[in-house]
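Engineer: Got a sequence here, can you build the structure:
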Amino acid sequence: MPSSSGQSKLAALLADELRELGVAEVALDEQAIVTGIKRGKKRNQPKIGFIAHLDTVDIGLSPHILPQVLHFTGADLCLNSERDIWLRVADHPEIWPWTGHDVVFSDGTSVLGADNKAAISVIMTLLSHLEGKEDTHGDIHVAFVPDEEIGLRGAHALDLGRFACDFAYTIDCCQLGELMLENFNAAAGEIVFRGVSAHPMSAKGILVNPLLMAFDFVAEFDRRDTPEHTHDRQGFFWFKELRANDSEAHLDMIIRDFDDRAFERRKEKIEAVAEGLRARYPRGHVEARVADTYRNIASTLKDDPRAEALLFRAFEQVGVTPKPISMRGGTDGAALSARGIPTPNFFTGALNFHSRFEFLPVAAFEKSLEVAMAICMLAGKPPP
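Structural biologist: Take a look at the predicted model:
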């Protein structure tokens, strides 16, 4: 870690800029984790944290992001004339509310990367705006971590001694007004099937095909208990990748559910199906490896409601209507919450994440910054 050299370069740039902004105790480690503290003079108030991730999702598009600001008039938008890439309004009605606004897009050959560069921008701009205003806030901790998109790896590795806040916020995904107080429980599974190889001329009664073992394993699951057939608070299994040769097959899958008990039952089902395959293929071998990735933050927020309450006050302060959502995914906050730091999430303002049609309305982006600023200003004030 990190999984890409670009994250190390970005981390170094951010560490330098934090020092230029007068942030104290700036630290950058070999894993590209950056931390620092914006000191404030207000005492007897909670220590707040903000965390964002350095990586951008890889969905097989260009790694080179060329952002552009276009004014949306209500008509289809040409993102790339050379390659004839258009955002068609009929296909993306979610852009309608931003008629008459400036909107940030990529050139259509890549994602935009607002997930999570928009959050990095909000946090760095926040720190810039707080310069010379130390009398108005307490200590504010910041962290930038790598590899959120591949298992929240940076948040799991973050030394909490360097991020010693009472509660924190991620600013990740979500359109204007959305805030996340609940997310999936998540686990990842790797199922290993070992067969018996043989030449087809003498395979009868000898060959055990690990690829067919994997097919039989998948067939034991409900075809409609998958991401493309579920929504809202419904969980799912998702078979992600299969790698096989004559002797061995590896099946990667993920497990998601909001409900703790249902989540445990899903993991139990994997082992039960594996046991059934062992009985069906006594000369083969089946190993099910399942590990939790992150947990639902809801229980942690109930134990310490301060982060949630302050977030709602900040929304009210800046005139944004809260839209609580149950996130069918997770953020670095899920990892931090499981480690004892309650960490809800609020919007960057962007839409269509993990897509060439990802976009960020400038007005929504600015509101995200206003919310972050209000959190810092309101932290030491009792609610009305």
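
Engineer: Stretch 290-307: which residues count as buried?
Structural biologist: By neighbour count on 16 or more other CB atoms under 10 Å, the buried set for stretch 290-307 is 290, 293-298, 300-301, 304, 307. Where C-beta positions appear, they are placed from N, C-alpha and C, glycine not excepted.

Engineer: mind listing which of the residues you listed are in helices?
Structural biologist: 298, 300-301, 307 (DSSP state H).

Engineer: what's the closest of these to Ala363?
Structural biologist: Ala307 (25.5 Å; CB to CB).

Engineer: thinking again about what came up before, confidence-wise, which of the ones in helices among the buried residues of stretch 290-307 comes last?
Structural biologist: Lowest pLDDT among these: Thr300, with 88.

Engineer: ok, that residue - contacts?
Structural biologist: 337-338, 340, 342-343 (CB atoms under 8 Å, 6 or more residues apart in numbering).

Engineer: Same check on Asp304?
Structural biologist: Per CB under 8 Å, 6+ apart, neighbours of Asp304: 166-167, 342.

Engineer: got it, and Phe105?
Structural biologist: Contacts of Phe105 by CB under 8 Å, 6+ apart are 67-70, 77, 79, 87, 112, 357-359.

Engineer: ok, of the contacts of Thr300, which come out buried?
Structural biologist: Looks like the contacts of Thr300 have 337-338, 342-343 buried, using 16+ other CB under 10 Å.

Engineer: Between the residues you listed, which sits nearest His156?
Structural biologist: Ala338 (9.0 Å).

Engineer: Relative to Ser368, how far out is the closest one?
Structural biologist: 25 Å (CB to CB, to the nearest Å).

Engineer: quick one, helices of the stretch 151-300 of the chain?
Structural biologist: 153-157, 210-219, 260-280, 298-303 (DSSP state H, counting those that start in this stretch).

Engineer: of all those, which gets the most neighbours per residue?
Structural biologist: helix 153-157 (a mean of 23; mean count of other CB atoms under 10 Å).

Engineer: for that helix, packing partners?
Structural biologist: strand 48-53, strand 140-145, helix 332-338 (3 or more CB pairs under 8 Å, 6 or more residues apart in numbering; DSSP states H and E).

Engineer: and if we set it to 6 Å?
Structural biologist: helix 332-338 (3 or more CB pairs under 6 Å, 6 or more residues apart in numbering; DSSP states H and E).

Engineer: And the helix it packs on, what does it pack against?
Structural biologist: Checking 3+ CB pairs under 6 Å, 6+ apart, helix 332-338 ends up next to helix 153-157.

Engineer: Which of the helices and strands in the chain ranks last by mean pLDDT?
Structural biologist: helix 298-303 (a mean of 88; mean pLDDT, DSSP states H and E).

Engineer: show me what contacts Thr226?
Structural biologist: By CB atoms under 6 Å, 6 or more residues apart in numbering, the contact list for Thr226 reads Phe236.

Engineer: Roughly how far does it sit from Ile150?
Structural biologist: Counting by CB to CB, the gap from Thr226 to Ile150 is 21 Å.

Engineer: So this structure: which segments form each domain?
Structural biologist: Split into domains by automatic domain parsing, the chain comes to 5-183+296-378, 189-294.

Engineer: Quick one: end-to-end length of the last one, please.
Structural biologist: Right, domain 189-294. 13 Å (CA to CA, to the nearest Å).
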